[in-house]
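Novice: Sharing a model prediction with you, sequence too.
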Amino acid sequence: METQLTVVIVIVTFNVKELTRNCLNSLKNLTIPAKIIVSDNGSSDGTVEMVKKEFPNVLLLDNKYNLGFAKGNNRARKYCKGKYVLILNPDTVVEKGTIEECVKYIKRDEKLGALTCKIELWSGGLDKDSRRSFPTPWVALTHFSFLDRVFPKSKLFARYWYGFISKDEIHEIDVPQGAFFLVKKEVMDKIGWYDEDYFLDGEDIDIAYRIKQLDYKIIYYPKVKIIHYKGASKGKKVSGFQNTISPQTRKQAISSGMDSMKIFYKKHFLKKYPWLVSKLVFSGIGIIKTIRLLKYNIAHN
């Protein structure tokens, strides 16, 4: 019987067998009651077979085809009976004690709905996406114009990555990194879990926005950490892992990431800003998408 301290860890996978094995091995030393769910989106690289053979205590959901990140997580909803849900990327390694300490902290405040820990890149340094502000037109402009890199400590220009707050300081944020997203189960149920209009990317910003709309706090808690092999699950080459993501899937990831920006803006910001601002935003998204796809095509042709 599951206790109130139970955390259900949901990992959505797609053709990242070695990364998934690495991630699951890092969870073997948990000291609190936990259930681990792997929701596989039709992998063809042996991920399903590996999980069945090497991790028999993991609940495996074999989705047969690529549902996307949002639907892949929602598939696990009916199996999540614990008090907390941890959305975890397969391209991560969780350090000992990280989940336990995060659960202890989130219990402290009934208005604390979700949190993330410090997320470090496999190549070293902070994954800046560990903590983000909502991409309002101004925040997005300062980010995509690189003003936040030019003035990395400015409260005016560096709001996207909270560059004006120490990476070692506990503080409230808008958006946690989707690679490690600990949420109270009751909060997830109140907001209805993930919006399945998002295929890949953007769903973490959307879910954080809806959590905030219910007046819950989201915290960046850097006293513990994980390692993130960032981009590996989308086809980026990282040291020590074989890449089995197809070029078509990599291009789809680029397109989906940009499309998610438009979905989020239409859903949450369209009625808040003048039509001219919205037109400029959509034009900017289209230009950035074209540039990123062009860069990809040049690099792989």
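Specialist: That came through, no problem. Numbering: from 1, shown residues only.
Novice: Show the model's pLDDT score for Thr6.
Specialist: At Thr6, the model reports a pLDDT of 83.
Novice: From Ala208, how far off is it?
Specialist: Separation of Thr6 from Ala208 (Cβ to Cβ, to the nearest Å): 23 Å. Any C-beta I mention is one placed from the backbone N, CA and C, and that applies to glycine too.
Novice: same thing with Ile191?
Specialist: Taking Cβ to Cβ as the measure, Ile191 falls 10 Å from Ala208.
Novice: ok, these two, which is more surrounded?
Specialist: Taking other Cβ atoms under 10 Å, Ile191 and Ala208 do not tie; Ala208 has more neighbours (25 against 19).
Novice: tell me the phi and psi of the closest residue to Gly68 other than its chain neighbours?
Specialist: Closest residue in space to Gly68, ignoring its immediate chain neighbours: Phe199 at 3.8 Å, by Cβ to Cβ, 6 or more residues apart in numbering. With angles defined as degrees, to the nearest 10, Phe199 sits at phi -90, psi -50.
Novice: quick one, what contacts Phe199?
Specialist: By Cβ atoms under 8 Å, 6 or more residues apart in numbering, the contact list for Phe199 reads 68-70, 252, 256, 259-260.
Novice: ok, now Ile32?
Specialist: Going by Cβ under 8 Å, 6+ apart, the list of residues near Ile32 reads 5-7, 99-100, 103.
Novice: mind putting these in CSV, secondary structure included?
Specialist: As requested, these are exported to CSV (DSSP: H, G, I helix; E, B strand; the rest coil):
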residue, secondary structure
Leu5, coil
Thr6, coil
Val7, strand
Ile99, helix
Glu100, helix
Val103, helix
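Novice: Going along the chain, name the helices of the stretch 1-150 of the chain.
Specialist: Counting by DSSP state H, counting those that start in this stretch, the stretch 1-150 of the chain has helices at residues 17-25, 47-54, 69-74, 98-106, 137-144, 147-150.
Novice: so Pro247 touches His300, yeah?
Specialist: Yes - counting by Cβ atoms under 8 Å, Pro247 does reach His300; the two are 6.0 Å apart.
Novice: ok, back up a step: roughly how far does the residue nearest to Gly68 sit from Leu86?
Specialist: 22 Å.
Novice: again with Asp189
Specialist: Counting by Cβ to Cβ - Asp189 and Leu86 are separated by 15 Å.
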